[in-house]
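Peer 1: Got a sequence here, can you model it:
(one chain, ligands or ions: 1)
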Amino acid sequence: MTVLKEKIKKNTKGLVQDDETKDLLSRSLQYLKAGYPIHFTGPTGAGKTSLALALAKKRKKPVMLIHGNHELNNSDLIGDFTGYTSQKHVDNYIRSVYKKEEKVTESWHDGRLLEAVKNGYTLIYDEFTRSQPNTNNIFLSILEENILPLYGSKLTEPFVRVHPDFCVIFTSNPAEYAGVFQTQDALLDRLITIHVDYKDVDREAAIVSEKLGIAKNEAKAITQLVADLRKECKEDTGPSLRASLMIAKLAAEADIAIDGKDEDFQKLCTDILGHQVSRCLEADQPLNAAKDLIIKASKKVKVTEE
Ligand SMILES: Nc1ncnc2c1ncn2[C@@H]1O[C@H](COP(=O)(O)OP(=O)(O)OP(=O)(O)O)[C@@H](O)[C@H]1O
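Peer 2: Residues are numbered from 1 along each chain as shown. Now for the predicted structure:
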């Protein structure tokens with residue numbers, strides 16, 4: 001049975017920071033302070049977004065989040081006219097005099113990028129390679145010339161100056177480059193790109209244990225299982241820390257023992273890992289092959305004494 005450690009303070013939202021993570025955050029903060037944008041790249045679930053959020057928090061400035069997608073366009077980033085407001089003034093104070101004045105103005109709504117640039121926020125641009133290169137071109141002017149051009153916006157000013165406190169943290173998944181849009185080299189050339197990889201079994205276990213308040217040896221039995229299955233998959237396509245967190249959370253909530261002999265535990269692992277492992281196996285019937293592989297691996301799960 002999973003023992004929930006009452007004494008351990010659950011850290012369900014925050015980033016669990018071991019020495020390596022603390023060091024990475026402090027270096028990244030230094031680079032941001034010197035005016036260089038940071039780009040965390042790495043496989044799904046390696047912790048890029050969590051790192052970006054923790055780094056942004058360290059700057060103690062408001063944080064703006066943009067998610068890359070192929071439909072993102074300049075209106076989303078810069079802003080757009082959202083309609084009209086009309087003001088009517090009727091003056092009939094003197095009965096013989098009737099005066100009517102009507103004013104119609106277009107109402108403008110700042111886009112997220114414009115708001116962040118104007119006010120000096122920290123911008124997190126998550127999965128930026130999912131957006132069209134044309135859309136991302138606007139960042140070249142921001143990073144190179146410190147201006148945000150307002151092209152296509154019908155605003156009277158041609159550009160706004162970038163606030164000195166403004167900075168950007170990008171994240172991306174290199175495995176997606178092939179299927180999505182090629183990252184522009186010109187943009188990459190202006191970023192400090194740091195590879196964020198999966199952590200080893202012990203570091204992942206420490207995160208699961210601290211996040212969910214379960215014992216370290218139980219967490220390690222789960223992260224070891226997930227890491228073993230990851231090895232069966234092609235590079236960067238296997239299950240991530242997310243899967244370990246799901247197994248640990250559900251086992252604790254449903255009172256399922258973290259024990260390879262327990263059938264409920266085997267079923268839980270198959271449910272959570274089956275689809276993802278099947279996608280990275282080359283077999284005639286990948287789902288069945290994945291199921292067999294997971295059951296075989298989960299039967300070996302044994303919590304060792306701390
Ligand atoms: N150091 C950490 N401390 C606490 N939780 C973490 C840590 N690293 C990763 N996680 C957790 O692991 C999961 C995946 O992390 P995250 O979303 O940051 O990964 P990602 O690399 O951005 O993934 P994706 O490429 O799929 O967006 C999340 O639930 C996150 O809370």
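Peer 1: can you give me the strands in the protein?
Peer 2: 38-41, 63-67, 79-91, 99-110, 122-126, 147-149, 159-161, 167-172, 192-195 (DSSP state E).
Peer 1: If you average the pLDDT over the first one, what comes out?
Peer 2: Spelled out, it's strand 38-41. When pLDDT is averaged over strand 38-41, the result is 96.
Peer 1: so what secondary structure elements neighbour it?
Peer 2: Under the contact criterion of 3 or more C-beta pairs under 8 Å, 6 or more residues apart in numbering; DSSP states H and E, strand 38-41 touches helix 19-33, helix 48-58, strand 167-172, strand 192-195. All C-beta atoms are positioned from the backbone trio N, CA, C, and that covers glycine.
Peer 1: of all these, which lies closest to the ligand?
Peer 2: helix 48-58 (3.3 Å; C-beta to the nearest ligand atom).
Peer 1: Mind listing residues that contact that closest one?
Peer 2: 14-15, 17, 21, 24-25, 28-29, 32, 38, 40-42, 63, 122, 124, 126, 169, 171-173, 196 (C-beta atoms under 8 Å, 6 or more residues apart in numbering).
Peer 1: what angle separates that helix from strand 122-126?
Peer 2: 180 degrees (axes from the mean of the first three to the mean of the last three C-alpha atoms, to 10 degrees).
Peer 1: Of the helices and strands packed on strand 38-41, which stretch is the most buried?
Peer 2: strand 167-172 (a mean of 25; mean count of other C-beta atoms under 10 Å).
Peer 1: Strand partners (parallel or antiparallel) of that strand?
Peer 2: If you go by DSSP bridges, strand 167-172 pairs up with strand 38-41 (parallel), strand 122-126 (parallel).
Peer 1: Low-confidence regions, this structure specifically.
Peer 2: In the predicted model, the chain carries pLDDT under 70 at residues 1-13, 152-154, 176-183, 306.
Peer 1: ok, now with 90
Peer 2: Judged against pLDDT under 90, the low-scoring parts of the chain cover residues 1-15, 73-111, 132-135, 144, 149-159, 173-188, 232-238, 279-286, 300-306.
Peer 1: ok, and of the contacts of helix 48-58, which contact the ligand?
Peer 2: Restricting those to those adjacent to the ligand (criterion: C-beta under 6 Å from any ligand atom) gives 15, 21, 171, 173.
Peer 1: quick one on the thing from earlier: using CSV, please lay out the strands paired with strand 167-172 together with mean neighbour count.
Peer 2: Below are those laid out as CSV (neighbours: other C-beta atoms under 10 Å):
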stretch, mean neighbour count
strand 38-41, 24
strand 122-126, 23
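Peer 1: Number of residues surrounding the residue of the stretch 51-200 of the chain found nearest the ligand?
Peer 2: When scored by C-beta to the nearest ligand atom, the stretch 51-200 of the chain has residue 173 as its residue closest to the ligand, at 4.8 Å. Residues lying near residue 173 (other C-beta atoms under 10 Å) number 18.
Peer 1: was I right about it contacting residue 44?
Peer 2: Yes: when contacts are counted by C-beta atoms under 8 Å, residue 173 is listed as touching residue 44 (5.9 Å).
Peer 1: residues touching the closest residue in space to residue 31 that isn't next to it in sequence, list them.
Peer 2: Spatially, and ignoring its direct neighbours in sequence, residue 31 is nearest to residue 192 (5.1 Å; C-beta to C-beta, 6 or more residues apart in numbering). By C-beta under 8 Å, 6+ apart, residue 192 lies in contact with 28, 31, 36, 37, 38, 39.
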